[in-house]
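> A predicted structure for the sequence below; I have some questions about it.
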Amino acid sequence: MTNYIEIISKANEELINQGDLDKIEAFFCSDYCVELTGKTLKGGHKGIEKILQQLQHSFSDLHVELEIFLAADSRVCWQRTFTAGHQAAYKGFPASGKSLCWRDMVCSEFREGKIAREWVLSDLAEQLLLARKH
């Protein structure tokens, strides 16, 4: 059986902490999609690359830490905690210049040893709103 927890850990370390976007194909299926509140994004490898490029552009010293909650069959439920400086506008939120911390709750589904689909809930928008007010 493939060690899905190890794949998630390596993907976050290499793609987010190290910023190596050339490794996307090693971790994700070509038809990868993500379920967000109220919408499904079906961008595959290019979609992942776009999201990560936006994060790299808008947040300095981007770092993520993981906590795994449950792994069963082909799914892993986990949380990642991001820390970063908000240096440039992100999805309509102007740069705050502040250090932010936000969390994503994620359920990853695997197919043939790669991440095929994820369900993600994030409190990033809430943290960006709070940064604007303070």
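Here it is on my side, so go on.

> now the helix or strand containing residue 67, how far from the chain's geometric center?
Using DSSP states H and E, residue 67 falls within strand 59-72. For strand 59-72, the separation from the chain centroid amounts to 8 Å (computed by C-alpha atoms, centre = their mean, to the nearest Å).

> elements contacting that strand?
helix 4-11, strand 75-86 (3 or more C-beta pairs under 8 Å, 6 or more residues apart in numbering; DSSP states H and E). (Glycine included, C-beta is placed from N, CA and C.)

> export those to JSON lines and tack on mean pLDDT and distance to residue 27?
Converted to JSON lines, the helices and strands packed on strand 59-72 look like this (pLDDT from 0 to 100; distance: least, C-beta to C-beta, whole Å):
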{"stretch": "helix 4-11", "mean pLDDT": "96", "distance to residue 27": "4"}
{"stretch": "strand 75-86", "mean pLDDT": "97", "distance to residue 27": "13"}
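
> For residue 109, list the residues it contacts.
Residues in contact with residue 109, defined by C-beta atoms under 8 Å, 6 or more residues apart in numbering, are 74-75, 115-118.

> And for residue 121?
37, 104-105.

> Drop anything exposed from these.
residue 104 (16 or more other C-beta atoms under 10 Å).

> Can you flag which of the contacts of residue 121 belong to strands?
Residues of those located in strands (DSSP state E): 104-105.

> any idea which of the contacts of residue 121 is least confident?
The lowest pLDDT within these belongs to residue 37, with 88.

> Find the residue ranges of this structure scoring beneath the pLDDT cut-off.
The model of the chain has pLDDT under 70 over residues 1, 134.

> Could I get the contacts of residue 121 in JSON lines, plus columns for distance to residue 129?
As requested, those are exported to JSON lines (distance: C-beta to C-beta, whole Å):
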{"residue": "37", "distance to residue 129": "16"}
{"residue": "104", "distance to residue 129": "17"}
{"residue": "105", "distance to residue 129": "19"}
